[in-house]
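>>> dropping a prediction and its sequence here:
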Amino acid sequence: MTTTAEAARPAPGPAADEGLARRLRALACTAPLHDLDNRKANLAGEYAVYGMAEIALSAIDLVTLHMDFDTGADRDQVLARMLPRVAVQAPEREWREHERVAKWVLESLINVGSVDRGFRAVYGTFASDGSYIRRDYDFKLIEEVPGPDGGVYLRTTDEAVNVLVGALDTDVTSAQIAAEVKLEVLIRRGRLADAQLAAEQARYRTVQYSELLRRALEATRRNVRAVDWMETVPDLIAEALEHIADRYRHENAILTNIRKARDEAEEPEHKRRAAELVDIVKDCIRRHTQLQTRLLEAGPLFRAEQDRQAFAAPSSRSGLDLYGQLLAPALPLPLEQASTVTTAFFRKAIGLRTPNAVRLADLIDVLLTPPVEREHLGAELPEPDLISTPDDSRFSDEQLEAALGLLDLPADAPRRLSGLLAEARRTDPDLPYLVALLAVHAASPGVGTAYRQGEERLLFAVDDGTRLDDAEFGGADLIVGSALLDAVGMAADRTEAS
Amino acid sequence: MIDDDYDAPSGAEASSKPAPVTPADVADASRLVSFGLQPKLLPARDAEYGELIRRYRDDPSFARLADAVATGLGLIVLEVSARAGMAVAADEESVFAVRMGEYSRRAASESTDRFLHGLAHLAVAALAFPRPEDLADDGYLGRITVNGVDAFVRQACRRLEQQADLEGDNTDPVSDAPGLEAAWRVYARRSATGATKDARRLAGSTIGIVGKAVSFLVDSGFLQKTSDDSGGTFRTTARYQLQVRDLAGSAAMAELLALGVVPVSDGSATLLPPDDSDDLVTDAGLPFHSI
């Protein structure tokens, strides 16, 4: 940032209006939002009722909060979440129109019409020789980034975050500590409305922090040698892990506090706010965990890259250093000069194409040939010759049904396996095998699956040491029974856990 | 067989006087050049091609003949070998040369787009051969991804932006003087990607531009696609290494020297760890030091 450089510099002179320039740039960032309300009159339709700047700010909000560690926010999801905000502004209008407005605002924030998909503001400053010059300030509010699945995702830029929460351009760590201390105090005093604001700000900082680390790790993946793996990076990782552990403890403490506030609150408004806070802090914790996973992956990633890059046998010849000798020196040059370098490279590096040569006689033939009638439906599909495969199941469906019916025991009356086998044998000599199989299976019941699927009862089998006395089977005479599960309670647990 | 067309000189008389060139020899030499014009064809995949390559290497007069045919067509012979085939490049004036206007209509008219398309090619090469020895080592296979190339250039731009900020100058470009704007700004400003109506890449975005460069290089037989990950993953071919090492790199370097920029190198890689004095700037990603 420029602040340190400015502080060191003696005041006035042409540089004095640096501060002015900075404010002009900050002002410019808000211009696209004002512009939305000015431009809504030009849209085909009656859109004056909508507060476009309000929708835009909430859109920036949504994108910032839904930005993930790896990707940005999903465009459709953001649009869907914008809709309620648009809808309340004009509830009597059609949902199609709401959708159109939300789309228009989002596209305007990306500035879809322009080549760069960004904004440009012009402002004037004094150059070092005292002359007045106009400069271009280019910025973006929401940018589109590639996702790992090849899709396009949205991320808010630093400029947008500054427009949104203001003055976030500070040391992230200290700002976050401040916000959390504040949050704790507010909760203790029961001022939940303020606490929510503080918690939301803390979350913005968390997002910003993980964004910084994401960029850092991405650079590591690209170039191992660009990075000091002796000291700097291990220090950074250790520091970040420590930071996460610290924040995690902190946020868990806050979570306990708010949960208590939520459960004890009597006023419904209070309760609602506390519940929202729980969600926000939970989200913070989730983001920290995600960050931690990345940090733990950094070490193995380095070693793999090291193996790949560093242990290659050195070549005796030395070649041209494409980055150091061409790319890096060309980038700071003025566009016109840099362009001569890249164009020279382009001409020689692109390869060759063999031109198509056409004889006039051939061309006439081709042009005069009537187009081939395309069969609309395509070729007829041959009727597949199906052979029914023999049914080689050991047991028939009826047998399975009979066995399950036999094992459908009341919860308060478990039975011995020997009794079940005897009963099965009476109806069908083959059935005991199936019953035994099911009973043995029930000795290790799928509790986890039943829990996840919310089933109400579960078959189980227990060995109490009694030996099975049977002509066909050996082993333990299991006690088979069914257990009733608390499906409602489990469902509640599941939502709480997620 | 091809060898039958070519009468091997016999006895002492032949060693003093080279065998006369027959039309069949010229036909074979031209055939070899025409194989070279199909950059995706490899000698290992085509018996006739492989045989002609062998003859080129064993028989100097046949080699001279093939070189002459290539030169007459406006081609530069980079290498003739079993791994690269007859690697030929188009002379600037030749009918085989690709012009900027054919490559991209926008690039022909817009100076910023012309720069971006050129830069994309330079960046693809720089990332495919990150160290000088990678470019020199014949056995080296470079790997790149489309998204990786974009991120690599953006990182370099971010680094320059920070440097400018540290120097405390107002680096916003002067209005109405587009040619004087620092080149990296043009790249940094352009959006990386963008949603389109038909789910194709946005042609004007930087990833779109890199993607175009890469797919063009695939058609030139310089890259081979290995997977669709990260916007497309590719590996280099021997021909690409030759083309960059022997032609493109030196051509761009000559332009750079003509501008008075003299990059000095001792042959070691320039992407180096930072010195101890430098604090880690989190926002820059991990430090990324160039010369």
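Thanks, I have the structure now.

>>> any weak-confidence spans in the stretch 101-250 of chain B?
Counting by pLDDT under 70, the stretch 101-250 of chain B contains low-confidence residues at B:168-171.

>>> 80 instead?
Using pLDDT under 80 as the threshold, the predicted model of the stretch 101-250 of chain B has low-confidence ranges B:107-108, B:131, B:165-179, B:195-200, B:229-230.

>>> how about the helices in it?
In the stretch 101-250 of chain B, the segments counted as helices under DSSP state H, counting those that start in this stretch are B:105-109, B:111-128, B:132-136, B:146-167, B:183-189, B:206-219, B:238-243, B:249-258.

>>> mean neighbour count for the ones you listed - can I get that in TSV?
All C-beta atoms are positioned from the backbone trio N, CA, C, and that covers glycine. Converted to TSV, the helices of the stretch 101-250 of chain B look like this (neighbours: other Cβ atoms under 10 Å in any protein chain shown):
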stretch	mean neighbour count
helix B:105-109	15
helix B:111-128	26
helix B:132-136	22
helix B:146-167	20
helix B:183-189	23
helix B:206-219	23
helix B:238-243	26
helix B:249-258	19
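
>>> A:Arg135 belongs to a strand?
Yes - assigned with DSSP: H, G, I helix; E, B strand; the rest coil, A:Arg135 falls within a strand.

>>> surely it touches B:Pro173?
Yes - with contact taken as Cβ atoms under 8 Å, A:Arg135 and B:Pro173 are classed as touching, separated by 6.4 Å.

>>> that's a strand at A:Arg155, yeah?
Yes - under three-state DSSP, A:Arg155 sits within a strand.

>>> wait, what's in contact with the spatially closest residue to it that is not a sequence neighbour?
When the adjacent residues along the chain are set aside, A:Arg155 lies closest to A:Gly72, with 3.9 Å between them (Cβ to Cβ, 6 or more residues apart in numbering or on different chains). Contact partners of A:Gly72, counting by Cβ atoms under 8 Å, 6 or more residues apart in numbering or on different chains, are A:Val63, A:His66, A:Glu144, A:Val145, A:Gly147, A:Tyr153, A:Leu154, A:Arg155.

>>> if we use 7 Å, what do you get?
Contacts for A:Gly72 (Cβ atoms under 7 Å, 6 or more residues apart in numbering or on different chains) come out as A:Val145, A:Tyr153, A:Leu154, A:Arg155.

>>> next: A:Ala413.
In this structure, A:Ala413 makes contact with no residue, judged by Cβ under 7 Å, 6+ apart.

>>> quick one: it and A:Leu437, what's the gap?
Applying Cβ to Cβ, to the nearest Å, one obtains 22 Å for the distance of A:Ala413 from A:Leu437.

>>> residues making contact with the helix or strand where A:Glu423 lies?
A:Glu423 belongs to helix A:417-427 when assigned by DSSP states H and E. Counting contacts by Cβ under 7 Å, 6+ apart, the residues outside helix A:417-427 that touch it are A:402-403, A:406, A:431-432, A:435-436, A:439, A:468-470, A:473, A:477-478, A:480.

>>> now the buried members of these.
Of all those considered here, the ones buried according to neighbour count by 16 or more other Cβ atoms under 10 Å in any protein chain shown are A:402-403, A:406, A:431-432, A:435-436, A:439, A:468, A:470, A:473, A:477-478, A:480.

>>> among the contacts of helix A:417-427, which are in helices?
By the criterion of DSSP state H, membership of these in helices covers A:Ala402, A:Ala403, A:Leu406, A:Leu431, A:Pro432, A:Val435, A:Ala436, A:Ala439.

>>> the fifth one against A:Glu472, yeah?
When you say that, I think you mean A:Pro432. Yes - taking Cβ atoms under 7 Å as the contact criterion, A:Pro432 and A:Glu472 are neighbours in contact, 6.5 Å apart.

>>> count the residues that sit near the residue lying closest to B:Arg185 once chain neighbours are set aside.
What sits nearest to B:Arg185 in space, not counting adjacent residues and going by Cβ to Cβ, 6+ apart, is B:Pro173, at 6.3 Å. By other Cβ atoms under 10 Å in any protein chain shown, the residues close to B:Pro173 number 21.

>>> list phi and psi for B:Pro173.
B:Pro173 has phi and psi values of phi -70, psi 150 when expressed as degrees, to the nearest 10.

>>> mind listing what it touches?
For B:Pro173, counting by Cβ under 7 Å, 6+ apart, the contacting residues are A:Arg135, A:Asp136, B:Glu181, B:Arg185.

>>> B:Phe96 too?
Contacts were defined as Cβ under 7 Å, 6+ apart; by that measure B:Phe96 touches A:Leu352, A:Arg353, A:Thr354, B:Gly74, B:Leu75, B:Ala90.

>>> hang on, the earlier thing: can you pick out the most distant pair from the contacts of helix A:417-427?
Taking every pair in the contacts of helix A:417-427 and measuring Cβ to Cβ, the maximum separation is 23.4 Å, between A:Ala402 and A:Asp469.

>>> CA-only coordinates of stretch A:471-482 in CSV, if you can.
Taking only C-alpha atoms (Å, rounded to 0.1, in the frame of the first residue of the first chain), the coordinates of stretch A:471-482 have been written out as CSV:
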residue,chain,number,x,y,z
ALA,A,471,-28.4,-80.5,12.2
GLU,A,472,-27.3,-78.1,9.4
PHE,A,473,-25.8,-75.1,11.2
GLY,A,474,-23.2,-74.7,13.9
GLY,A,475,-22.0,-71.8,15.9
ALA,A,476,-23.7,-69.5,18.4
ASP,A,477,-27.4,-69.6,19.1
LEU,A,478,-27.9,-65.9,18.4
ILE,A,479,-30.7,-63.8,20.1
VAL,A,480,-32.4,-62.0,17.2
GLY,A,481,-34.6,-59.0,17.8
SER,A,482,-35.5,-55.6,16.5
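
>>> list the contacts of it.
For stretch A:471-482, the external contacting residues (Cβ under 7 Å, 6+ apart) are A:407, A:409, A:411, A:414-418, A:420-421, A:432, A:436, A:439, A:442-443, A:457-464, A:466-468.

>>> of these, keep whichever come out buried.
Neighbour-count burial (16+ other Cβ under 10 Å) applied to the contacts of stretch A:471-482 gives A:407, A:414-415, A:417-418, A:420-421, A:432, A:436, A:439, A:442, A:458-461, A:468.

>>> give me the distance between the most centrally placed residue in chain B and A:Gly351.
Nearest residue to the geometric centre of chain B (Cα atoms, centre = their mean): B:Val244, 4.4 Å. B:Val244 sits at a distance of 11 Å from A:Gly351 (criterion: Cβ to Cβ).

>>> swap in B:Asp91?
In terms of Cβ to Cβ, B:Asp91 sits 13 Å off from A:Gly351.

>>> repeat for A:Cys284
Plainly put, A:Cys284 is 52 Å away from A:Gly351 if you go by Cβ to Cβ.

>>> what are the phi and psi values for A:Ala73?
Main-chain dihedrals, A:Ala73, degrees, to the nearest 10: phi -90, psi 150.

>>> that one and B:Thr206: what is the separation?
For A:Ala73, the distance to B:Thr206 (Cβ to Cβ) stands at 20 Å.

>>> count the residues that sit near B:Leu75.
Neighbour count of B:Leu75, defined by other Cβ under 10 Å: 22.

>>> again, but for B:Leu78
The burial metric for B:Leu78, expressed as a neighbour count using other Cβ under 10 Å, is 20.

>>> what does A:Val78 give?
That count, for A:Val78 with other Cβ under 10 Å as the rule, works out to 22.

>>> element containing it?
A:Val78 belongs to helix A:75-89 when elements are defined using DSSP H and E.

>>> need the residues that contact that helix.
Around helix A:75-89, the neighbours that count as contacts under Cβ under 7 Å, 6+ apart are A:49-51, A:55, A:58-59, A:62-63, A:66, A:98-99, A:101-103, A:106, A:152, A:154, B:195.

>>> picking that back up, quick one, phi psi at the residue nearest to A:Arg155?
As for A:Gly72, its main-chain torsions (degrees, to the nearest 10) stand at phi -90, psi -160.

>>> how near is it to chain B?
Relative to chain B, A:Gly72 is positioned 10 Å away (criterion: Cβ to the nearest Cβ, to the nearest Å).
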